[in-house]
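Enquirer: What shape does this take:
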Amino acid sequence: MKTSLSFGAGVQTTALLVLIAEGKLPRPDAIIFADTGTEQERTYRYLEEVIAPYAKSHGLEITALGPDWRSKHYAADLESYCRAHRMVPGTWVRWCTDQYKVRPILRYLKKELGATKTSPVESWIGISTNESHRATKSPPGNYQLKRYPLIEMGLSRDDCQEIITAAGLPAAPKSGCWFCPFQSQGKWHQLKREEPALFERALFMEANAQRSATNTDKTPIHLPIFGSLQRVAAQEELPGFDAAIAAEGECVTGSCFV
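Expert: Below you'll find the predicted structure:
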């Protein structure tokens, strides 16, 4: 059975990459990064400046799946698509994860690795023991058979950090889209403080969606799952935000693990 690593450039999948480079895990047939075009800038820098050179030095290659691997309707990056269609990323219906991560990966598995429903590809997912409740089985007849090597090896997120450090690499940044609706209020405050231009773009996305022609009854549309982003815009930071941010894992819900 062919194998692939779904690489998110965060702590867990970077640790998996190190374990592969060190020969502690077998080499997969593909290492795939599904790029929404809206990852955190620090994630793109880490990929370019740290991970890509490290992978290359160990004979590994990371394949980025961009617009060519999405359907034509979703060719634009996720932010541009939301702006053009006056909408926000889905929370109940996870269309953004489906169209920008799941489907591009499945297309690659079928086209490049020959995955079929009767001969699926084994896909390695970077979920560690502290978030094992996020691990789900692949449904029958799928093109991929999900596997969770970190859980099998009994490795937590802290263990993953230690693996990265021991390899001489700087700590991996938290991964995810900069306007992910599942971020906590603390993370939105961090964005407002550290990346005010991005925060303004997020505010525009929310307001733009509320002006949508399909929203005829003017139902409030919120970008964050906790409510309007205007709440964060009007609110001063409260004690404990930084501690809460530091305590968070790679993402808030694991919703984009594929």
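Enquirer: Quick one: the strands in the stretch 51-200 of the chain, in order.
Expert: For the stretch 51-200 of the chain, the strands defined by DSSP state E, counting those that start in this stretch cover 62-65, 121-124, 144-147.
Enquirer: residue contacts, the closest residue to Ala55 other than its chain neighbours?
Expert: Distance criterion Cβ to Cβ, 6 or more residues apart in numbering; nearest residue to Ala55, sequence neighbours excluded, is Ile62 at 5.6 Å. Using the backbone N, CA and C atoms, a C-beta is placed for each residue, glycine as well. Going by Cβ atoms under 8 Å, 6 or more residues apart in numbering, Ile62 touches 7, 31-33, 47, 51-52, 55.
Enquirer: Quick check: Met205 touching Leu78?
Expert: No - Met205 lies out of contact with Leu78 (Cβ atoms under 8 Å); the separation is 10.1 Å.
Enquirer: residues touching Ala30, list them.
Expert: Ala30 neighbours (Cβ under 8 Å, 6+ apart): 2-5, 63, 108-109, 112-113.
Enquirer: Look at the spatially most central residue of the chain and report its pLDDT.
Expert: Residue closest to the average C-alpha location in the chain (Cα atoms, centre = their mean): Gly176, at 4.1 Å. Note for Gly176: predicted pLDDT of 90.
Enquirer: just to revisit the earlier point, looking at the contacts of Ile62, which is nearest Ser119?
Expert: Proximity of the contacts of Ile62 to Ser119 was ranked by Cβ to Cβ; the top entry is Ile32 with 18.1 Å.
Enquirer: host element of the closest one?
Expert: strand 30-34 (DSSP states H and E).
Enquirer: Can I get that strand in PDB? Just the C-alpha atoms.
Expert: Provided in PDB are the C-alpha atoms of strand 30-34 (Å, rounded to 0.1, in the frame of the first residue of the first chain):
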ATOM      1  CA  ALA A  30       4.400  11.600  -0.900                       C
ATOM      2  CA  ILE A  31       4.500  14.500   1.600                       C
ATOM      3  CA  ILE A  32       1.600  16.800   0.700                       C
ATOM      4  CA  PHE A  33       0.900  20.400   1.900                       C
ATOM      5  CA  ALA A  34      -2.600  21.500   0.900                       C
END
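Enquirer: That strand: how far from the chain's middle?
Expert: What separates the centre of strand 30-34 from the centre of its chain is 12 Å, taken as Cα atoms, centre = their mean, to the nearest Å.
Enquirer: again, but for stretch 124-135
Expert: 14 Å.
Enquirer: next one: stretch 120-128
Expert: The answer for stretch 120-128 is 14 Å, by Cα atoms, centre = their mean.
Enquirer: related to what we said a few turns ago, between the contacts of Ala30, which sits nearest Glu22?
Expert: Nearest to Glu22 among the contacts of Ala30: Leu5, at 14.3 Å, using Cβ to Cβ.
Enquirer: Spell out the secondary structure type for that closest one.
Expert: Put simply, Leu5 is strand when judged by DSSP: H, G, I helix; E, B strand; the rest coil.
Enquirer: Tell me how many other residues surround it.
Expert: Residue crowding around Leu5 was assessed by other Cβ atoms under 10 Å; the count is 26.
Enquirer: same deal with Pro139?
Expert: Neighbours around Pro139, by other Cβ under 10 Å: 7.
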